[in-house]
Each structure stands twice: as structure tokens, then as C-alpha cells.
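Peer 1: give the three-dimensional model of this entry:
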Amino acid sequence: MNPQVTDLLNIAFLGFLVVIAIAVSYVKDLLYAAILLGAYSVTIALVWLLMSAPDLAITEAAAGIGMTTLMIAVISKIGRKVE
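Peer 2: Numbering: from 1, shown residues only. Okay, here's the model as predicted:
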């Protein structure tokens, strides 16, 4: 892949990560926060993949998906609280 395209994709993904991190801090609903953290994990996995680190990308995707699933399961058991 062209280095300029890779740099532009990295900048776009990193900007998206900043937006997601800010959104997670402002969301009041726990389920939405868990979903946003899953999106954060997938995006950082794509960043790792663009940086030619597929082993880290797979690990991040698996851990992120696993933790997001676990958080959603726990949230559904204890109930969602919106303040």
C-alpha cells in the first residue's frame, strides 16, 4: 500500500479513536458505553493492522470483543441505569 494512503488512514483512525474516547466519557447509558468501547477496540485493531502488526491486531480484536461481550452480559443481568 502507498505510504501516503497508510498515513492518511492512520490519521483518520486515530481521529476516530479520539472521538470515540470522548463519546464514551459523556455517555450516560452503560450499554452504549460498552458498545462504544467495542468500536474503540475494533478501530485500534485496524490501526495495529495498518502498522503491520497482525498478531497485535488479532489479540486486540479478540480481547476487545470478549470484554465487550462480557460487559454487555453483566449489564443485562444487573440492569441499565440512566441518570
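Peer 1: need the per-residue pLDDT for the closest residue to residue 9 other than its chain neighbours.
Peer 2: In this structure, residue 9 finds its nearest non-sequential neighbour in residue 50, 5.8 Å apart by C-beta to C-beta, 6 or more residues apart in numbering. All C-beta atoms are positioned from the backbone trio N, CA, C, and that covers glycine. Residue 50 carries a pLDDT score of 90 in this model.
Peer 1: same check, this time on residue 61
Peer 2: The model reports residue 61 with a pLDDT of 88.
Peer 1: ok, now residue 42?
Peer 2: Note on residue 42: pLDDT of 90.
Peer 1: by contact count, what packs against the lowest-mean-pLDDT helix or strand in the chain?
Peer 2: For the chain, the helix or strand with the lowest mean confidence is helix 54-78, at a mean of 85 (criterion: mean pLDDT, DSSP states H and E). Judged by 3 or more C-beta pairs under 8 Å, 6 or more residues apart in numbering; DSSP states H and E, the packing partners of helix 54-78 are helix 30-50.
Peer 1: just the C-alphas of the helix it packs on, formatted as CSV.
Peer 2: Taking Å, rounded to 0.1, in the frame of the first residue of the first chain, the C-alpha atoms of helix 30-50 are listed here in CSV:
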residue,chain,number,x,y,z
LEU,A,30,-23.8,1.7,30.3
LEU,A,31,-24.8,-0.3,27.3
TYR,A,32,-23.9,2.5,24.9
ALA,A,33,-20.6,2.9,26.6
ALA,A,34,-19.9,-0.8,26.2
ILE,A,35,-20.8,-0.7,22.5
LEU,A,36,-18.5,2.4,22.0
LEU,A,37,-15.7,0.6,23.7
GLY,A,38,-16.2,-2.3,21.3
ALA,A,39,-15.9,0.1,18.4
TYR,A,40,-12.8,1.6,20.0
SER,A,41,-11.2,-1.9,20.2
VAL,A,42,-12.0,-2.7,16.6
THR,A,43,-10.6,0.6,15.4
ILE,A,44,-7.4,0.2,17.4
ALA,A,45,-7.1,-3.4,15.9
LEU,A,46,-7.3,-1.8,12.4
VAL,A,47,-4.6,0.7,13.4
TRP,A,48,-2.4,-2.3,14.5
LEU,A,49,-3.1,-4.0,11.2
LEU,A,50,-2.1,-0.8,9.3
